[in-house]
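In: when you get a sec, could you give me coordinates for this:
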Amino acid sequence: MASAITDIGADLHIVCRRPSLWQRQGVVHNISELNKVIQDIENGVFINATTLGWKRDDLIPVNAKLLRNWFFIDLNYRRDWLWRNSLKENKVRVIPGEKLLVYQAIEAFRLWTGLTASRETGFEVIRSFRENP
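Out: Predicted structure coming up:
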């Protein structure tokens, strides 16, 4: 994702627990600076690839009100995920991981078979797995 973002000329800010380990594109920040980074940028796309918020006692490192002008893309597939749900409650535009999973599966299916599956079919498969794990 980092390469795709920089390839289109967009600014990339990486926020992680150990910034010294990031050796690629973008400006790197420690997770403790997350709220300041969001305030300074004002709007954009926030892509989450962490498991923060899966457990009740997890630190959720951002003030949800700061993300109101942002898109939050969550690469997790857990719909009971606390951070994502708290952002939705605060009117942040959230694109859930399940949606990305379905779109990726549809494109992979098309590339491998030459056939096009519908989004509705993909979301129905997700629903059926949730109901009958």
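
In: wait, doesn't residue 84 sit right on residue 73?
Out: No: using C-beta atoms under 8 Å, residue 84 and residue 73 do not qualify as a contacting pair, with a distance of 10.2 Å. C-beta: built from backbone N, CA, C; applies to glycine.

In: out of these two, which sits in the busier spot?
Out: Between residue 84 and residue 73, counting by other C-beta atoms under 10 Å, residue 84 is the more crowded of the two (22 against 18).

In: so where does that one fall, helix or strand?
Out: Following DSSP states H and E, one finds residue 84 within helix 82-89.

In: and for residue 94?
Out: Assigned by DSSP H and E, residue 94 falls within strand 93-95.

In: partner strands of that strand, parallel or antiparallel?
Out: Using DSSP bridges, the strands paired with strand 93-95 are strand 71-74 (parallel).

In: re earlier: got any residues that touch both of residue 84 and residue 73?
Out: Between them, residue 84 and residue 73 share these contacting residues under C-beta atoms under 8 Å, 6 or more residues apart in numbering: 48, 94.

In: list of residues touching stretch 113-128?
Out: For stretch 113-128, the external contacting residues (C-beta under 8 Å, 6+ apart) are 98, 101, 102, 103, 105, 106, 109, 110.

In: report the beta-bridge partners for the spatially most central residue of the chain.
Out: Most central in the chain under C-alpha atoms, centre = their mean is residue 74, positioned 2.2 Å from the mean C-alpha point. Taking DSSP bridges, one finds residue 48 as the beta-bridge partners of residue 74.
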